[in-house]
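A.B. asks: Just a sequence and a predicted model for now, questions to come.
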Amino acid sequence: MDEPTEGLAPVIVEQVAQALRDLATEGDIAVLLIEQNLGVALEVADRIGVMVNGRIAQMMPAEQLAADREMQERLLGVRSGGHDEPEDDAPAAAPVEPAAPTPVFTVQRAHGDGRPSMDDLAPRTVRGFNRWNAGGTAAPVVDVARAAVGDASPTATRKPAAASSTVLPFPVAASSGRAAYVAGTFDTKGRELFFLRQCLEKLGLRVVTVDLSTSGRTSTASVDAREVARHHPQGEASVFSGDRGSAVGAMALAFERFILTRRDLGGIVSAGGSGGTSLATPAMRALPIGCPKVMVSTMASGDTRPYVGPSDICMMYSVTDVQGINRISERVLANAAHALAGMIAHPAPESMSTKPALGLTMFGVTTPCVQAVTKRLADDYDCLVFHATGVGGQGMEKLADSGLLAGVIDVSTTEIADEIAGGVLSAGPTRLDVFARRTMPWVGSVGALDMVNFGAWETVPDKFKARKLYRHNPSVTLMRTTADECRRIGEFLTAKLNAMSGPVRLLIPEGGESSIDKPGQPFHDPEADRALFAAIEAGFRSGGQRKLIKLPLHINDEAFADALVAAWREVAPAPGHALRA
């Protein structure tokens, strides 16, 4: 409050002072009072800071300033009791025993020896102009010394901390430039979300709350839902349409665009049910890999792929519904807040590796091939291997689209088989599209295109029960692709390869596409393999930078790994142009 008593009658001043005392008694809010009436300030304040020319010259308890009239005159040029108040002739108080030494804590930046502190850089005195002597006709101007802790001389030499010194953690120093974002529907989950904020603030983090509600109610969050909604391509009216289903999707899109504009984002946490999870996770997926993301959700114990996708979101099951604070939700939410705080305040150190990053796809039945390739390239490349389970391919392509890969060796394109034949590990119809947008080398093969993936044996759809099935493990059942499916897979693959803008090398292992596709193994089917290879040959468009290489080898042969490495060396970018993760 800025000078609330200025120009008011004394009786009104007393009423204002009483209102300030009442606010302080309630204890729910803190009040910053700027006041020239020293009597009011001394009466209602707990601590007083004396400003001179815009700088804090002294900071002290109110009772200290009230008891020191000399300090009042020196700092403010006035007496608290009026100009005609007689000097205090009361006898001096009896001597007081000296108090015990007060501990003084020195705050130093880590690794900051020899560097100037804020006290070094700040002026040692503040010019003592005030409203009574500014005209030069009243009391003389006397500079006011600024209070400082310890020896703040710019030339002072800092002594190293003693061996017995205690180093206290100060998490704000590690995260002062970054904020923890708490996002969610504050109209229905406000209590839980504010509990997350409280936990984070107790840990020393700055917190920004973002409301994702679509109800249109007044928000208590730092960022109102309407401000988020304005980031929708068609404006906030598209979010507050009155239809809950479309409103949730529209707000999720708006929040995704909003979060990418935040320059102080250190990490994000949210909590909610299916609706809240659908609102928050698209924005989390849009953030870079490595940015801390925590989602407390009632959906975290089921199929989380629609929410997590190819990102590194930490999903935490809420156990109870996200409704109220109880002994269970309190612990779960506190754990989520502490997890986010740890990731923000103690980030992993940057990798010192300068090797370019290379993406590779692997499946269990192509593991020997990928291991042999990575072994041969490990000295020159940071080999990032992705499990081709649908999300794995999407994850690799997200890094490629972010410009974090020098190229890929896409050995296991098996996700295409699931897309064509209806398996559960598809990467979607956009698999390989990123290499049409991003010009980078692509070397690949037809690894595990002989199979389609399902869950446990009993989950295989009835229409496939008569097909050739193989129990890979208790949780995974494989189905052999037919000749017709292989033909369609080949057409899908070549259409994607023909659209790529960079160098392409496709290697075909005529001896088999997986560890169970060779003589004596359950998926050995020469007819289906020939259908796949013929479709690829018929559709592939060769050129100077585009080659189709057929080899009389099995995909897991050492010689085939050598051929993949040789093909990569042929198209690999110059070392100076390669990127690292």
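C.D. replies: Sure, I can see it. Numbers count the residues shown, from 1 in each chain.

A.B. asks: quick one: the strands in the stretch 351-500 of the chain?
C.D. replies: 357-362, 382-387, 407-410, 442-444, 451-454, 469-473, 476-480 (DSSP state E, counting those that start in this stretch).

A.B. asks: what's the burial count for residue 182?
C.D. replies: 27 (other Cβ atoms under 10 Å). Bear in mind the C-beta positions are built from the backbone N, C-alpha and C, glycine included.

A.B. asks: and if you look at residue 332?
C.D. replies: With other Cβ under 10 Å as criterion, residue 332 counts 19.

A.B. asks: again with residue 8
C.D. replies: 14.

A.B. asks: ok so, going back, for the strands of the stretch 351-500 of the chain, give me a markdown table that also has mean pLDDT, mean neighbour count and distance to residue 550.
C.D. replies: Listed next are the strands of the stretch 351-500 of the chain as a markdown table, based on pLDDT from 0 to 100; neighbours: other Cβ atoms under 10 Å; distance: least, Cβ to Cβ, whole Å:
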| stretch | mean pLDDT | mean neighbour count | distance to residue 550 |
| --- | --- | --- | --- |
| strand 357-362 | 96 | 26 | 20 |
| strand 382-387 | 95 | 19 | 25 |
| strand 407-410 | 97 | 26 | 17 |
| strand 442-444 | 97 | 26 | 14 |
| strand 451-454 | 96 | 25 | 21 |
| strand 469-473 | 93 | 13 | 27 |
| strand 476-480 | 96 | 22 | 22 |
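
A.B. asks: The ones you listed into TSV, with extra columns for distance to residue 20?
C.D. replies: Shown next, in TSV, are these (distance: least, Cβ to Cβ, whole Å):
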stretch	distance to residue 20
strand 357-362	60
strand 382-387	61
strand 407-410	66
strand 442-444	70
strand 451-454	69
strand 469-473	71
strand 476-480	69
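
A.B. asks: So which of those strands is nearest residue 264?
C.D. replies: Among these, the nearest to residue 264 by Cβ to Cβ is strand 357-362 (27.9 Å).

A.B. asks: by contact count, what packs against that closest one?
C.D. replies: helix 367-377, strand 382-387, helix 391-401, strand 407-410 (3 or more Cβ pairs under 8 Å, 6 or more residues apart in numbering; DSSP states H and E).

A.B. asks: Which one, of those, ends up nearest to residue 459?
C.D. replies: Comparing the helices and strands packed on strand 357-362 by Cβ to Cβ, helix 391-401 comes nearest, at 18.5 Å.

A.B. asks: Now do that closest one and strand 357-362, the angle between them.
C.D. replies: 160 degrees (axes from the mean of the first three to the mean of the last three Cα atoms, to 10 degrees).

A.B. asks: which residues are contacting helix 391-401?
C.D. replies: Outside helix 391-401, the residues that touch it by Cβ atoms under 8 Å, 6 or more residues apart in numbering are 289, 305, 308-311, 357, 359, 361, 384, 386, 405, 408, 415, 427-428, 431-435, 437-438, 440, 581.

A.B. asks: Let me see the domain layout of the protein.
C.D. replies: 1-80, 175-345, 357-577 (automatic domain parsing).

A.B. asks: Rebuild these as a markdown table, extending it with distance to residue 101.
C.D. replies: Conversion of the domains of the chain to a markdown table gives the following (distance: least, Cβ to Cβ, whole Å):
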| stretch | distance to residue 101 |
| --- | --- |
| domain 1-80 | 19 |
| domain 175-345 | 28 |
| domain 357-577 | 55 |
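
A.B. asks: what's the closest of those to residue 102?
C.D. replies: domain 1-80 (13.7 Å).

A.B. asks: about what we covered before: mind checking which of the contacts of helix 391-401 are buried?
C.D. replies: Buried by 16 or more other Cβ atoms under 10 Å: 308-311, 357, 359, 361, 384, 386, 405, 408, 415, 427, 431-432, 434-435, 438, 440, 581, out of the contacts of helix 391-401.

A.B. asks: if you look at these, which of them are in helices?
C.D. replies: 308, 415, 434-435 (DSSP state H).

A.B. asks: Pick out the lowest-pLDDT one from those residues.
C.D. replies: When these are sorted by pLDDT, the bottom entry is residue 308 at 92.

A.B. asks: That residue and residue 295, how far apart?
C.D. replies: 8 Å (Cβ to Cβ, to the nearest Å).

A.B. asks: joint contacts of the two?
C.D. replies: What both residue 308 and residue 295 touch, as defined by Cβ under 8 Å, 6+ apart, is the set 281, 315.

A.B. asks: where are the low-confidence patches of the stretch 51-200 of the chain?
C.D. replies: Applying pLDDT under 70 to the stretch 51-200 of the chain flags the ranges 52-54, 74-100, 104-176.

A.B. asks: before we move on, the earlier item: quick one, which of the strands of the stretch 351-500 of the chain gets closest to residue 225.
C.D. replies: Here strand 382-387 is closest among the strands of the stretch 351-500 of the chain (Cβ to Cβ), at 36.9 Å.

A.B. asks: Need the contact partners of the closest one.
C.D. replies: 351, 353, 355-363, 370, 373-374, 377, 392-393, 395-396, 399, 405, 580-581.

A.B. asks: now do stretch 419-429
C.D. replies: So stretch 419-429 is contacted by 388-394, 397, 414-418, 431, 452-455, 461, 479, 481, 485, 488-489, 492 (Cβ under 8 Å, 6+ apart).
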